[in-house]
Structure formats: C-alpha cells, structure tokens
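S.K.: test case, fold it:
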Amino acid sequence: MNLAVFAYPFLFITLFFESFVLVTLLSKPARLARKRIPHASQPTVAVIVPCFNEESTVTDTCKSLLALKYPHKLLEIVLVDDGSTDGTQKAMAHFAKNPRVKIIRKENGGKHTALNVGIKATTAEIFGCLDADSFVEPDALGEIVSSFTTPSVAAVTAAMSVHRPKNILEHMQNAEYIFGITLRHAIASINGLYVTPGPFSFYRRSIVESLGGFREGHKTEDMEMALRIQQAGYVIENALRARVYTKTPRTILTLISQRTRWTTGFLRNMFGEYRGLIGNRRHGALGVLILPLGLSTIAGSILLFSVSLFELTRAMIATLEIRAGIPLTYAYLPGIPSFDWFYFPTNVFMILGILAVLISLTIIIIGKRLSRTEGPLGLGLVSYVFLYGLVVPLWLIRSATDIAFGKKRNWR
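M.R.: This next block holds a predicted model:
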C-alpha cells in the first residue's frame with residue numbers, strides 16, 4: 001500500500017494556502033497598504049523593552065530606539081528589568097540621564113508582567129514592545145504609526161528578519177522570517193493575524209487597557225493578546241516596511257526549544273479560551289480559514305514527515321536488497337557517478353512537493369523585495385530548501401507530545 005496517498009490532502013492544502021497568499025497580495029486592501037505613506041498626525045508613543053538577563057544586547061537595542069526618526073517630545077522609551085541576575089541593570093544605567101528613557105526594576109514575574117508595568121509607567125496613546133535582543137531601522141516607527149488608520153485598529157506588526165545571520169541555521173531562519181513578512185502582509189489585508197510578535201509590535205493603549213492588559217498566555221503573551229483583540233472584534237494591521245531585526249537561536253536544540261514553546265502556546269490557546277474562534281464565521285477569514293489551516297498544517301507536517309521517512313526507509317531497504325544480488329566486484333568497486341533523468345522519481349507526491357517548495361521560495365523573494373529588507377538571501381534559500389523541512393517536524397512532534405501528555409516545560 002502506498003502511504004503517500006494519506007499525505008496528498010495536506011500537500012493540496014499547502015499549495016492552496018500558498019496560492020491564496022499570492023493571490024491576496026494582488027487584492028485591493030494589500031495594494032493600498034503598500035501605498036500607505038506616513039500621515040501628518042503624530043500621537044505620543046512609548047516603546048517598552050522588557051529585559052531578563054539581556055546585558056549583552058540591551059545597550060544596542062536602546063541605541064537603535066534613540067535613533068528613531070520621530071519627534072523627541074512625543075517618544076518615550078521604557079526599560080523594564082524583570083528581575084535580571086546578570087549585568088542588565090548596569091547596562092541600563094548608561095541611559096539613566098537621558099530624558100527620553102525611563103528605567104524600571106521589578107521582581108521577576110515574566111514578560112507579560114513587565115509589559116503591564118511598562119504600560120502603567122506611561123501615558124502614551126500608542127505603545128509598543130521591543131525584545132531586548134532586537135534592533136530597528138530609523139524610519140520603522142513612522143511606518144508603524146501610519147498604520148493606525150482608524151480607531152478600530154488595535155495593533156500593528158512590523159517586518160521582522162534576522163540580525164546579521166552567521167551560521168547556516170540563522171540563514172535558514174532569516175529566509176523563514178522573510179517568508180513571514182509576505183505572509184503577515186497578505187493575511188493582515190483580510191484581518192487574519194493571530195500573533196503580534198515581540199519585536200516591535202504596537203498597540204492602541206485604550207483598547208489594550210479595556211481588554212485587561214497582558215496575560216501569561218501559556219508563555220506566548222503576544223499571541224494571546226492578538227487572539228483577545230480578534231475575539232473582541234478589533235483589527236490587527238501590518239506595516240510592511242517597518243523593518244526590525246532580531247537575534248535567533250544559533251543551535252538546533254535552542255531552536256527546537258523556542259519553537260516548541262511557540263507551538264504549544266498556539267495549541268493551548270486554541271484548545272483553551274479561544275477555541276470559539278475556530279470555524280466561527282463572525283470572525284471572517286481568521287475563523288474559517290487561517291486558524292483551521294494553522295491547526296491542519298501542524299498535523300499535516302507531522303504526517304508528511306512520517307510518510308517521507310517511511311518511503312525513504314523503504315527505498316533504502318529495496319536498494320540493499322538489489323545490491324545483495326549483485327557480485328561484490330560490481331556493486332562496490334569505485335566508478336564515475338552518473339545520473340539518468342529516466343530514473344528520476346516523477347511521482348505525484350514528488351511533483352507536488354517540488355511545486356510547494358518553489359512557491360515558498362517565490363514568497364520569500366517577494367517578501368524581501370516588498371519590505372526592502374537588505375542583506376544576501378542565497379544561503380538562506382538553500383538552507384531553507386534542504387534543512388527547514390527536516391527540523392520543523394522535530395518541534396512539531398515534541399509539541400504534540402507535550403499537549404497529548406499535558407507536559408509543561410520550564411523555558412528559562
């Protein structure tokens with residue numbers, strides 16, 4: 001029996017979704033968003049930087065915020081030390097005399113508590129969050145503010161990529177993040193965003209306060225807040241050219257740990273307080289398309305990986321069986337390798353998989369161009385093709401196992 005037939009529905013779903021993203025980029029709302037220019041009104045803005053043991057990065061993060069092209073009298077930076085045990089407090093002290101910087105130290109309580117303390121420390125109309133390992137372009141805030149076009153816009157996300165990727169894993173993540181730039185831009189045009197990432201997402205203060213502030217949200221407070229915003233009927237926008245750069249895991253183990261937290265947070269939020277959003281037509285594309293696709297993607301990725309692994313194992317066994325009947329002198333003597341296209345495995349499963357990869361690469365290239373993100377992308381594309389599909393199932397399987405057995409991990 002060919003097990004690949006069980007994977008075909010998920011491959012078709014992948015192709016459908018990727019095609020949907022490309023078509024949505026051509027829609028009127030997406031085109032108008034790309035033409036959006038900064039408007040004259042400039043509200044008061046605060047950027048909250050929650051820190052826990054970030055002595056090596058918080059200085060550069062704060063410097064990038066001070067370089068933002070925004071009226072100084074309207075911009076405030078709030079550094080919140082969430083009970084760090086390293087030299088974070090000392091690093092923050094370098095900015096103590098800057099009138100635009102406010103420094104707060106509190107006992108450790110998690111990122112959501114640091115954000116809530118930061119909100120109470122400012123009266124700004126719009127506030128944002130920047131992780132202490134992230135850095136922004138000088139014009140990013142202007143792009144963000146121009147996206148708060150109507151009172152119904154509760155939050156705005158930025159265009160995020162990896163800060164100076166060095167090893168192949170970081171380049172792979174950079175390609176993934178730029179894929180996310182295109183994805184967020186397209187989905188925002190139909191109000192389908194369900195996460196406001198920590199690096200430079202902004203919120204309308206009055207709406208967040210009316211919703212009760214940030215919660216722990218299964219260690220994914222940014223996702224929980226976005227889902228609560230959507231549940232309340234507000235809009236989450238995306239600023240395509242508000243560029244922010246973040247540092248990412250440099251090893252497989254830390255990457256799996258980070259993504260397991262994200263995935264279990266998504267699943268626990270979905271199967272918990274926000275399960276009513278799934279399939280709910282009142283929430284438009286988010287309810288009937290985006291969230292169901294998100295859940296099916298997790299299941300489909302695990303299945304595709306399992307089928308691919310099974311097929312690979314079966315092919316290896318078949319090869320060994322064939323070689324077992326060939327004389328040793330012919331089977332193992334070195335020779336010049338050759339390739340014949342006649343033997344290329346052109347089955348439907350392979351063709352659909354290749355097509356899905358090609359569309360993914362197209363989406364990444366489009367994201368880089370639309371967001372005007374600088375830096376080379378060649379190594380990122382190569383590593384994305386050959387490495388991404390191998391590591392994603394590792395954290396998806398781990399997340400699914402944690403959910404099934406109710407396991408909660410310590411993320412610090």
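S.K.: pull the contacting residues for the residue nearest to residue 276 when sequence neighbours are not counted.
M.R.: Leaving aside its chain neighbours, residue 276 sits nearest to residue 231 (7.7 Å; criterion: Cβ to Cβ, 6 or more residues apart in numbering). To be clear about C-beta, it is placed using only N, CA and C from the backbone, and glycine gets the same treatment. Each residue near residue 231 by Cβ atoms under 8 Å, 6 or more residues apart in numbering is listed here: 274, 276, 277, 283.
S.K.: filter these down to the ones in helices?
M.R.: Counting by DSSP state H, these place none of their members in helices.
S.K.: for the stretch 101-250 of the chain, just list every one of the helices.
M.R.: With DSSP state H, counting those that start in this stretch as the criterion, the stretch 101-250 of the chain has helices at 111-120, 140-145, 168-188, 205-210, 221-231.
S.K.: now render those as TSV, adding distance to residue 310 and mean pLDDT.
M.R.: TSV is the format used below for those (distance: least, Cβ to Cβ, whole Å; pLDDT from 0 to 100):
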stretch	distance to residue 310	mean pLDDT
helix 111-120	40	97
helix 140-145	46	95
helix 168-188	25	97
helix 205-210	47	97
helix 221-231	33	98
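S.K.: what about residue 278, neighbour count?
M.R.: Using other Cβ atoms under 10 Å, residue 278 is surrounded by 17 other residues.
S.K.: could you tell me how many residues sit around the nearest residue to it once chain neighbours are set aside?
M.R.: Take residue 278 and drop its neighbours on the chain: the residue closest to it by Cβ to Cβ, 6+ apart is residue 291, 5.1 Å away. Under the neighbour criterion other Cβ under 10 Å, residue 291 is assigned a count of 24.
S.K.: so residue 291 makes contact with residue 271?
M.R.: No. With contact defined as Cβ atoms under 8 Å, residue 291 does not reach residue 271; the gap is 11.4 Å.
S.K.: still on that earlier bit, and the residue nearest to residue 278, what does it touch?
M.R.: Per Cβ under 8 Å, 6+ apart, neighbours of residue 291: 194, 270, 277, 278, 279.
S.K.: let me know the next secondary structure element after the helix or strand of the chain with the lowest mean pLDDT.
M.R.: Lowest by mean pLDDT, DSSP states H and E among the helices and strands of the chain is helix 328-332, with a mean of 50. Downstream of helix 328-332, the next assigned helix or strand under DSSP states H and E is helix 348-371.
S.K.: quick one: buried residues of the helix or strand following that following helix?
M.R.: The helix or strand immediately downstream of helix 348-371 is helix 378-383, counting by DSSP H and E. Neighbour-count burial for helix 378-383, counted by 16 or more other Cβ atoms under 10 Å, picks out 379, 380, 381, 383.
S.K.: ok, residue 360 - how many residues close by?
M.R.: 22.
S.K.: no, scratch that, I was asking about residue 363
M.R.: Applying other Cβ under 10 Å, we find 21 residues neighbouring residue 363.
S.K.: swap in residue 22?
M.R.: 15.
S.K.: enumerate every residue touching it.
M.R.: 359, 362, 363, 366 are the contacts of residue 22 under Cβ under 8 Å, 6+ apart.
S.K.: element containing it, please.
M.R.: Per DSSP H and E: helix 8-24 holds residue 22.
S.K.: can I get that helix in CSV? Just the C-alpha atoms.
M.R.: Output of helix 8-24 as CSV, limited to C-alpha atoms (Å, rounded to 0.1, in the frame of the first residue of the first chain):
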residue,chain,number,x,y,z
TYR,A,8,-1.9,14.2,-0.6
PRO,A,9,-4.7,16.2,1.1
PHE,A,10,-2.2,18.1,3.2
LEU,A,11,0.0,18.8,0.1
PHE,A,12,-3.0,20.2,-1.7
ILE,A,13,-3.9,22.3,1.4
THR,A,14,-0.3,23.6,1.4
LEU,A,15,-0.5,24.5,-2.3
PHE,A,16,-3.9,26.1,-1.8
PHE,A,17,-2.7,28.3,1.0
GLU,A,18,0.5,29.4,-0.8
SER,A,19,-1.6,30.2,-3.9
PHE,A,20,-4.1,32.1,-1.7
VAL,A,21,-1.2,34.2,-0.2
LEU,A,22,0.0,35.1,-3.7
VAL,A,23,-3.5,36.0,-4.9
THR,A,24,-4.2,38.0,-1.8
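S.K.: now do that helix against helix 348-371, angle only.
M.R.: Inter-element angle recorded for helix 8-24 and helix 348-371: 30 degrees (by axes from the mean of the first three to the mean of the last three Cα atoms, to 10 degrees).
S.K.: if we go by neighbour counts, what in the helix or strand that helix 8-24 is followed by is buried?
M.R.: Once helix 8-24 ends, the next helix or strand along the chain (criterion: DSSP H and E) is helix 28-35. Applying a neighbour-count criterion of 16+ other Cβ under 10 Å, the buried positions in helix 28-35 are 30, 33.
S.K.: pLDDT of helix 28-35, averaged?
M.R.: Helix 28-35 shows a mean pLDDT of 92 in the predicted model.
S.K.: report the longest helix in the chain, please.
M.R.: helix 291-324.
S.K.: ok, back up a step: so can I have JSON lines of the contacts of residue 231 showing neighbour count, distance to residue 184 and pLDDT?
M.R.: Formatted as JSON lines, the contacts of residue 231 follow (neighbours: other Cβ atoms under 10 Å; distance: Cβ to Cβ, whole Å; pLDDT from 0 to 100):
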{"residue": "274", "neighbour count": "22", "distance to residue 184": "19", "pLDDT": "97"}
{"residue": "276", "neighbour count": "11", "distance to residue 184": "24", "pLDDT": "96"}
{"residue": "277", "neighbour count": "21", "distance to residue 184": "18", "pLDDT": "97"}
{"residue": "283", "neighbour count": "20", "distance to residue 184": "17", "pLDDT": "96"}
